Each structure stands twice: as C-alpha cells, then as structure tokens.
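1. Here is the input, now give the coordinates:
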Amino acid sequence: MKIGAFSQKFDTKKSTIRYYTDIHLLIPKTSGTYPDYDESCIKDMEDIVMLKEFGFNIEEIQRYKTLERFYYNTNHQVLKDMIHQKVSEHKLSLKKIENQIHDMEDYMDTINTNKTHAKLGLHFSMLNELKCPECKSLFQVENASLVNQVILSGNLKCNCGSIYEIVDGIILTSNNMSDINKVSHNDDVDKVNFFNNTHHALMKKAGQMISDKLSMYDHRNGILFINADLDVLIMDLKKIFKSDGKYYMCSSSLSGLISLKHHMEALNLKGNIVFIYEKDLYPLNMKADVMIDNAGNLMDLLAGVPLGHQYNTNADNITCKSLILLHMYSNEKVDVKSLPYISEKPYLDVIENVGFELINSKEIGVFDLADGLILDIENIKKLNMTYKFFQKL
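-> Predicted coordinates:
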C-alpha cells in the first residue's frame with residue numbers, strides 16, 4: 001500500500017507517516033522506489049494509534065514496540081508492566097484533577113455574588129442634601145423601607161408633583177422601571193471586554209493621583225462622582241472615604257451604577273453614600289466641593305447619552321469648586337464632528353462652558369484599543385490617558 005492510501009486509511013497526514021517511518025515505528029517494504037506499507041505496518045500503526053489514545057508519548061511508544069518486536073514471544077510481563085505503569089500515572093492524574101475540581105468548587109463559594117453585606121442606600125440624614133431640580137424644594141419621603149436609617153425603597157415627592165422612586169437604595173430619575181429590570185451581569189462583561197490590562201494599570205496609576213488630590217478636600221462638604229462606574233474602584237476608596245464624608249455617585253449607566261453599589265457594599269465603606277441614576281437633572285443641592293469625572297467621554301458613549309450630558313443638563317446647578325477629570329482621547333487627528341466621543345476638544349469645551357478653567361494636565365500613558373469592540377474604528381488604534389485638574393472661574 002502506497003503512503004497516500006495508507007495515510008487515508010488512518011486519517012493521518014503523510015508527513016506524520018513519514019516521521020513514523022524515519023524513526024522506524026513503521027518499517028515498510030521497498031517496492032521499486034516507493035515504500036510499501038504492508039500488513040505488518042497496518043498492525044504497527046494500529047498499535048501506535050491505540051498507545052497514543054492510552055496516553056503514551058512517542059518515546060514510550062518506541063520502547064513498547066521495541067520490546068514487543070524483540071521479546072513478545074518470551075516475556076509478555078514487560079509489556080504488561082509498561083501498560084500498568086501508564087494506568088498508575090492516569091490514576092494519579094485523575095486524583096489530581098478531582099482535587100483541583102474540589103478546590104475550584106470551594107473557591108467559587110468564596111466569590112458567591114449572593115454573599116450578604118450591609119446595604120448602601122439613601123441615609124435619612126442626607127435628605128436635606130436633595131432637592132427637586134424643577135421647583136428647588138426639598139423632598140418628602142413616602143412608602144419608605146428603612147434599614148438602620150438607610151432608605152432602600154420608597155418615593156421622593158415634592159410640592160410640584162415630581163416623584164423619584166428609590167429602588168434597592170438607588171434614586172431613579174427615570175420613570176421607566178424597565179431600565180432596572182433589563183440589567184444583567186453581561187453588561188459588566190461587555191465593559192470589561194472593552195478594556196485591557198494595560199488600560200487597567202494606567203487607570204490604577206490615575207486613581208492614585210486622584211486619591212492624593214482628594215485628600216486635600218473636606219469630605220464633609222461633599223464629593224460628587226459623575227459618570228460613576230466600576231472605574232471609581234481604582235481609587236482605593238476604603239482609604240479615601242471618611243466616616244463623616246458625603247459622597248454622591250451619579251451615572252447614566254444603570255448597570256454600571258448597580259455593579260458599583262454592590263462592590264462598594266462588599267468594601268464596607270465609611271461615610272454617607274448616595275446613588276443616583278440620572279437621565280435628566282440631578283435631584284441634588286450640588287454644593288459639593290469637588291467633582292470627579294472618570295473617563296466621562298467614554299462613559300457617555302457606553303451609556304448611550306449625548307457627549308457632556310451631565311454638564312449640559314445641570315449647568316445652572318453645578319457649584320463645585322474643583323473638577324478632577326480622567327480623560328481619554330485619540331492619539332491621532334480625528335474629525336471632531338464625526339468622532340466627538342474620542343476627540344478631546346468637544347468634551348473640554350462643554351466643561352469650559354460651565355465655568356471651569358484648566359489648571360494642570362498630566363499624560364499618564366497610552367493603551368491599545370481592543371479590536372472589534374465598541375470603538376471599532378479602523379484608523380484609531382490607541383488612546384491617550386490624561387489627568388486634568390480644573391477650578392471654577
């Protein structure tokens with residue numbers, strides 16, 4: 001049998017058959033100028049296939065076939081010992097795999113997302129920090145469910161008739177409850193896929209810079225986080241947050257806000273923390289000393305809202321003294337009109353329009369965009385990350 005027919009019989013590449021022939025696992029006869037793979041080769045190839053399925057490597061198969069060819073008729077025990085040794089190795093591997101599975105199952109229990117933590121929500125003492133963005137009056141609370149003075153559900157109602165619902169400790173400025181019902185853990189997976197480890201390392205570096213700056217402020221006057229998402233966690237909040245501090249987490253991304261809240265609950269953070277899912281105006285007095293805007297342009301893009309939406313819709317109410325911006329923008333020249341979310345100028349124009357002046361700026365680094373994801377733009381391959389500090393004019 002020629003090599004082509006022989007390789008087809010065993011569904012094996014001809015190059016593999018030649019290799020077995022070169023190392024004499026197969027010993028074909030010579031028929032003219034071509035090797036003839038006869039019945040003995042078929043028997044040898046069947047043995048090779050069987051031994052590979054048993055887990056034998058090439059060196060072990062060579063030794064087995066050598067022993068078989070020389071000693072099969074005089075000492076079968078040598079071959080049995082080889083197979084017995086392989087069986088023992090498999091049993092040991094199986095035991096290791098069973099132990100690994102057991103360890104993995106134990107570890108999964110430690111990362112159980114249903115683990116109970118103290119719930120965060122609207123603390124009763126923070127009601128005076130809220131006001132109706134329409135009539136500027138304070139809210140009354142209706143149908144409230146409280147745990148340790150924290151409102152986890154209920155309604156905020158004012159004299160003009162505006163009502164904001166509180167669900168799982170989050171203030172909803174959208175009346176569409178389907179927003180919260182559509183949230184799944186896959187939303188977080190999609191965001192994680194958008195970034196990479198290089199980006200995370202740069203975000204962590206930026207988080208330290210923001211943390212250092214925040215230590216200069218009196219947290220009792222309030223810290224406002226806009227575009228708040230999981231990236232807020234890079235700041236090592238457990239060290240930053242003060243027991244008497246006031247912290248406002250506002251976002252147009254409900255999935256991001258819910259995930260952020262769950263992570264912050266697991267950290268057992270100090271201070272009074274308010275979570276606001278906003279589609280329009282903030283129901284806040286807006287008297288915070290400083291705003292933090294992490295990657296606001298990209299968070300706007302992920303949330304599907306207009307660029308600078310939080311600034312434009314709340315321009316009359318923003319009275320914060322300072323703004324810390326972690327901004328990411330294109331390395332290359334881009335069309336401002338067609339790609340506003342990754343162009344620096346449009347976003348900074350919005351910030352300047354509400355009265356902030358750039359004091360200093362520092363480039364943190366450059367990271368690659370993952371292909372085929374939310375910024376699937378051929379000519380944009382990298383983004384710069386910069387830390388910018390603004391103050392009110």
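2. If you count neighbours, what's buried in the strand or helix carrying Leu67?
-> For Leu67, the host element (DSSP states H and E) is helix 58-71. By 16 or more other CB atoms under 10 Å, the buried positions in helix 58-71 come out as 60-62, 64-65, 67-68. The C-beta positions use only the backbone N, C-alpha and C, and glycine is treated the same way.
3. likewise stretch 359-367?
-> Per 16+ other CB under 10 Å, stretch 359-367 contains these buried residues: 364, 367.
4. Now tell me what touches that stretch from outside.
-> Contacts with stretch 359-367, where a contact means CB atoms under 8 Å, 6 or more residues apart in numbering, come from 195-196, 198-199, 202, 205-206, 209, 331, 382-391.
5. Low-confidence stretches in this structure?
-> For the chain, the stretches with pLDDT under 70 are 72-75, 112-115, 174-196, 286, 330-336, 369-381.
6. where along it do the strands fall?
-> Secondary structure of the chain (DSSP state E): strands at 29-31, 34-36, 122-123, 140-147, 150-157, 163-167, 170-172, 223-226, 246-251, 272-277, 290-294, 322-330, 356-368, 382-392.
7. now the shortest one: how far from the chain's centre is it?
-> Using CA atoms, centre = their mean, to the nearest Å, the distance from the centre of strand 122-123 to the centre of the chain it belongs to is 28 Å.
8. strands paired with it, and their directions?
-> strand 150-157 (antiparallel) (DSSP bridges).
9. Tell me where the stretch 151-300 of the chain has helices.
-> 178-181, 185-194, 197-214, 237-240, 254-267, 296-303 (DSSP state H, counting those that start in this stretch).
10. Nearest residue to His327 in space, ignoring adjacent ones along the chain?
-> Distance criterion CB to CB, 6 or more residues apart in numbering; nearest residue to His327, sequence neighbours excluded, is Thr386 at 5.3 Å.
11. Can you get me a residue count around that neighbour?
-> 16 (other CB atoms under 10 Å).
12. The contacts of stretch 359-367, buried ones only, as a PyMOL selection?
-> For the buried members of those, the matching PyMOL selection, counting by 16+ other CB under 10 Å, is:
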select buried, resi 195+199+202+206+209+383+384+385+386+387+388+389+390
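13. hang on, the earlier thing: what's the closest of the buried residues of helix 58-71 to Ala144?
-> Proximity to Ala144 was ranked across the buried residues of helix 58-71 by CB to CB; first place goes to Glu60, at 72.5 Å.
14. Could you point out the longest helix of the protein?
-> helix 76-110 (DSSP state H).
15. same for that helix, what does it pack against?
-> The contact analysis (3 or more CB pairs under 8 Å, 6 or more residues apart in numbering; DSSP states H and E) places helix 76-110 against helix 58-71.
16. gap between the helix it packs on and the chain center?
-> With CA atoms, centre = their mean, you get 51 Å for helix 58-71.
17. Over to stretch 13-31?
-> On the basis of CA atoms, centre = their mean, stretch 13-31 sits 51 Å off its chain's mean C-alpha point.
18. cool, stretch 199-211 as well?
-> 16 Å.
19. Could you do stretch 233-248 as well?
-> Worked out by CA atoms, centre = their mean, stretch 233-248 lies 22 Å from the chain centre.
20. of all the buried residues of helix 58-71, which comes closest to Tyr217?
-> Tyr217 has its nearest neighbour among the buried residues of helix 58-71 in Glu60, at 68.7 Å by CB to CB.
21. what bridges to Leu156?
-> Val141, Tyr164.
22. Distance of it relative to Leu254?
-> 17 Å (CB to CB, to the nearest Å).
23. Have a look at the two and say which one is more surrounded.
-> Per other CB under 10 Å, whichever of Leu156 and Leu254 has more neighbours is Leu156, with 25 against 21.
24. Just give the nearest non-adjacent residue to Ser211, would you?
-> In this structure, Ser211 finds its nearest non-sequential neighbour in Met235, 4.9 Å apart by CB to CB, 6+ apart.
25. Assess the claim that the one you found and Asp212 are in contact.
-> No - if you go by CB atoms under 8 Å, Met235 and Asp212 don't touch, sitting 9.9 Å apart.
26. Neighbour count: the two, which is higher?
-> Each of Met235 and Asp212 has its neighbours counted (other CB under 10 Å); Met235 has more, 23 against 11.
27. Distance-wise, check that one relative to Leu307.
-> 24 Å.
28. can you count the residues close to Asn57?
-> 9.
29. tell me the phi and psi of it?
-> phi -90, psi 180 (degrees, to the nearest 10).
30. what helices or strands is the helix holding Leu67 leaning on?
-> Using 3+ CB pairs under 8 Å, 6+ apart, helix 58-71 is in contact with helix 39-53, helix 76-110.
31. Let's see the first one as CSV, backbone CA atoms only.
-> Extracted C-alpha coordinates of helix 39-53, given in CSV (Å, rounded to 0.1, in the frame of the first residue of the first chain):
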residue,chain,number,x,y,z
GLU,A,39,0.1,-5.9,6.9
SER,A,40,2.8,-5.5,9.4
CYS,A,41,2.7,-1.7,9.0
ILE,A,42,-1.0,-1.8,9.5
LYS,A,43,-0.6,-3.7,12.8
ASP,A,44,2.2,-1.3,13.9
MET,A,45,0.0,1.7,13.0
GLU,A,46,-3.0,0.3,14.9
ASP,A,47,-0.7,-0.1,17.9
ILE,A,48,0.6,3.5,17.6
VAL,A,49,-3.0,4.8,17.4
MET,A,50,-4.0,2.7,20.4
LEU,A,51,-1.0,3.6,22.5
LYS,A,52,-1.4,7.3,21.8
GLU,A,53,-5.0,7.1,23.0
